[in-house]
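# I'll drop the sequence and a predicted model, then ask my questions.
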Amino acid sequence: MDLQRTLQSVKNHADWISLRHVTEKTTLRSYRDEKPDRNQISYDDGVMVEVLVNGHFGYAGTSDISDAGIRKAADRAVLMARSAVDKKAFNFTLEQRPQSQGRYKSPVIKPLDSFSAKEISDIFVDANKAMKVSDKIVSRQATAMIVETHFYSISSSGSEMEQNFSIVSTDFSATAAEGSEFQTRTENGGLARCFQVGAEIFDRVSILERSRRVAEEAVELLTSENCPNETMDLLLAPDQMTLQVHESIGHPLEYDRILGDERNYAGWSFVKPQDFGTLQYGSKLMNVTFDPTVQDAMASYAFDDSGNKATKEFLIREGKLERGLGGLESQARLKLPGVANTRSSSWNRAPIDRMANINLEPGTSRLEDMIASVERGVFMMANKSWSIDDYRNKFQFGCEYAKLIENGQLTKTLKNPNYRGITVPFWNSLKAVSQARETYGSPFCGKGEPNQVIRVGHTTPYCLFANIEVFGA
């Protein structure tokens with residue numbers, strides 16, 4: 001395949017045209033109770049053709065990456081654009097597709113092929129063994145997903161972008177049972193340790209320590225008390241803060257939701273265009289950034305799929321809403337500043353407004369001081385369940401593991417901890433943010449019709465909230 005040659009043969013089909021070639025290899029390795037559960041490799045390869053005709057974008061993807069196949073897709077994209085031009089939502093120009101050139105590559109210390117399948121399997125078998133801390137452990141699992149992706153995009157206006165991603169996510173879980181009581185503890189509540197990284201992530205000592213802790217806490221939960229039903233201070237660990245940021249900040253700030261594009265499928269948002277620059281989203285301790293430049297985070301990149309250069313931008317500064325998550329198309333429609341987040345999940349999807357790395361910036365508090373400041377509260381970690389309404393406003397989250405805080409001390413372990421709130425009052429109750437923070441991510445953020453499952457990242461600190469409604473099972 002010579003994409004440059006193909007572009008020359010189709011570039012006069014439309015006012016503007018781009019070809020985006022995506023190849024992806026996904027490897028899944030999973031061991032359950034010391035036996036292979038999933039060992040598979042999948043490949044994906046195709047080209048997305050994007051055209052601009054009379055101010056309207058059209059798309060057609062193809063897995064036939066021959067010259068003839070791509071030309072056929074180009075004809076189809078032009079036909080799609082022309083057939084819908086009378087119903088276009090906005091008259092787009094090349095300002096929404098800037099000329100960009102550049103390269104990006106994930107930071108990798110050890111290449112992924114430096115670790116054999118057998119070496120990974122041996123570590124995961126040992127992790128399964130490490131989780132057998134008690135006869136009450138009835139199920140153990142260790143999983144890794146390894147994704148290697150290559151994006152290459154060129155356009156008739158002279159853009160040329162190449163981005164190579166090496167992504168690894170791991171998770172370890174154990175289920176304990178006694179009588180009719182079951183408790184499962186995962187490493188991070190299903191929000192995997194996801195990084196742009198190489199084989200250096202498969203560190204045996206670290207994996208065995210983390211696996212053993214997961215199993216010990218699963219057994220501990222069997223005999224723990226339920227979380228009390230009270231209104232009290234709530235301290236959330238970074239792994240739970242990841243989901244809190246994702247659901248109650250990331251999604252409601254997406255411009256296509258605010259515009260109503262996503263209302264039918266994934267819901268819209270309580271945020272209004274006039275809220276930007278005026279809404280006190282949270283307390284003055286709340287600082288949130290969009291930052292695809294973080295070195296090893298899950299959703300770092302140099303350019304989004306429109307060719308917009310990725311830069312760090314404040315979304316919320318000292319609690320005030322400044323900027324939303326919208327690419328160049330949505331920015332033009334709303335006449336509001338946005339970010340470089342026009343992203344697609346693969347070659348067979350058109351790019352839409354998506355989260356990337358949405359981070360809660362660190363504060364000035366030490367975790368031990370935050371705990372010491374609480375007279376009565378709950379410290380929750382690792383997400384177990386979540387529910388949030390179509391406006392991304394009212395929510396209810398459950399966690400796997402918690403500790404009661406009494407008179408500034410962590411005391412008894414609590415099981416089945418939950419909390420609920422409403423987005424803006426909840427964030428305005430934020431009263432302490434830690435200096436320390438951790439990075440997590442999810443490979444499975446779904447949105448769009450047809451659905452797109454995309455990778456997102458979040459770096460979050462420990463956060464203390466005042467007067468939150470918590471409850472048990």
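Okay, I see it.

# how close does Ala60 sit to Ile454?
Ala60 sits at a distance of 20 Å from Ile454 (criterion: CB to CB, to the nearest Å). Just so you know, the C-beta spots here come from the backbone N, C-alpha and C atoms, and that holds for glycine as well.

# same check on Val138?
Counting by CB to CB, the gap from Val138 to Ile454 is 34 Å.

# more crowded one of those two?
Neighbours were counted for Val138 and for Ile454 using other CB atoms under 10 Å; Ile454 has more, 21 against 15.

# nearest spatial neighbour of the more buried one, chain-adjacent residues omitted?
Setting aside the residues directly before and after it, Ile454 is nearest to Ser345 in space (CB to CB, 6 or more residues apart in numbering), at 4.7 Å.

# quick one: what helix or strand has the one you found in it?
Using DSSP states H and E, Ser345 sits within no helix or strand.

# what about it, how many residues nearby?
Counted with other CB under 10 Å, the neighbours of Ser345 add up to 21.

# quick one, what contacts it?
Residues in contact with Ser345 (CB atoms under 8 Å, 6 or more residues apart in numbering) are Gln452, Val453, Ile454.

# cool, and Asp369?
Ala432.

# tell me which element it is part of?
Per DSSP H and E, Asp369 falls inside helix 367-372.

# show me what the helix or strand following that helix is packed up against.
Using DSSP H and E, the helix or strand that follows helix 367-372 in sequence is strand 376-388. For strand 376-388, the packing partners by 3 or more CB pairs under 8 Å, 6 or more residues apart in numbering; DSSP states H and E come out as strand 230-236, helix 238-245, strand 394-406, strand 418-422, strand 452-471.

# out of these, nearest to Met1?
strand 452-471 (24.3 Å; CB to CB).

# what angle do the host helix or strand of Ser442 and strand 452-471 make?
For Ser442, the host element (DSSP H and E) is strand 430-447. Between the axis of strand 430-447 and that of strand 452-471 there is an angle of 140 degrees, by axes from the mean of the first three to the mean of the last three CA atoms, to 10 degrees.

# and the angle for strand 430-447 with strand 230-236?
Angle of strand 430-447 versus strand 230-236, following the same axes, to 10 degrees, is 70 degrees.

# and stretch 383-390, what's buried?
Asn383, Lys384, Trp386, Ile388 (16 or more other CB atoms under 10 Å).

# contacts for it next, please.
With contact meaning CB under 8 Å, 6+ apart, stretch 383-390 is reached by 189-191, 239-240, 242-243, 247-248, 251, 263, 267-268, 394-400, 418.

# distance across stretch 150-166, terminal residue to terminal residue?
Length of stretch 150-166, first residue to last, CA to CA, to the nearest Å: 9 Å.

# mind listing the strands the lowest-mean-pLDDT helix or strand in the chain pairs with, and their directions?
Using mean pLDDT, DSSP states H and E, strand 193-196 stands out as the lowest-scoring helix or strand of the chain, at a mean of 88. For strand 193-196, the paired strands and their directions (DSSP bridges) read strand 160-178 (antiparallel).

# helix or strand right after the strand it pairs with?
Heading C-terminal from strand 160-178 (DSSP H and E), you reach strand 181-186.

# that following strand versus strand 160-178: what angle between them?
Using the same axes, to 10 degrees, strand 181-186 lies at 150 degrees relative to strand 160-178.

# can you spell out which helices and strands pack onto strand 181-186?
strand 160-178, helix 204-222, strand 394-406.

# quick one, domains of this structure?
Annotated domains of the chain cover 3-223, 226-471 [automatic domain parsing].

# hey, which of those is tucked in deepest?
Per-stretch averages of neighbours, counted by mean count of other CB atoms under 10 Å, single out domain 226-471 among those, with a mean of 20.

# and that domain, end to end?
Using CA to CA, the two ends of domain 226-471 sit 8 Å apart.

# same thing with stretch 335-351?
Stretch 335-351: ends 20 Å apart by CA to CA.

# any idea of the mean pLDDT for that stretch?
Averaging pLDDT along stretch 335-351 yields 97.

# check stretch 69-87 too.
The predicted model assigns stretch 69-87 a mean pLDDT of 96.

# then stretch 409-426?
Averaged over stretch 409-426, pLDDT sits at 98.

# related to what we said a few turns ago, out of the buried residues of stretch 383-390, the closest to Lys320 would be?
The shortest approach to Lys320 among those belongs to Ile388, at 22.4 Å (CB to CB).

# ok, the closest one to Glu247 distance?
From Ile388 to Glu247 the distance is 5 Å (CB to CB).

# name the residues contacting each of the two.
Phe395.

# distance check, the nearest residue to Ser211 once chain neighbours are set aside against Ala176.
Sequence neighbours aside, Ala127 is the residue nearest to Ser211 in space, at 4.2 Å (criterion: CB to CB, 6+ apart). Relative to Ala176, Ala127 is positioned 16 Å away (CB to CB).

# between the buried residues of stretch 383-390, which is nearest Tyr281?
For the buried residues of stretch 383-390, the nearest to Tyr281 is Ile388 (15.7 Å; CB to CB).

# bridge partners for the closest one, pull those for me.
Beta-bridge pairing of Ile388 under DSSP bridges involves Phe395.

# quick check: Leu328 touching Val339?
No. Using CB atoms under 8 Å, Leu328 is not in contact with Val339; the gap is 9.8 Å.

# wait, what's in contact with the residue nearest to Ser211?
Per CB under 8 Å, 6+ apart, neighbours of Ala127: Tyr31, Arg140, Ala142, Phe172, Ile207, Leu208, Ser211.

# now pLDDT too, for these, in a markdown table please.
Putting those into a markdown table (pLDDT from 0 to 100) gives the following:
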| residue | pLDDT |
| --- | --- |
| Tyr31 | 96 |
| Arg140 | 98 |
| Ala142 | 96 |
| Phe172 | 95 |
| Ile207 | 95 |
| Leu208 | 97 |
| Ser211 | 96 |
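
# in which helix or strand would I find His21?
Following DSSP H and E, one finds His21 within strand 16-32.
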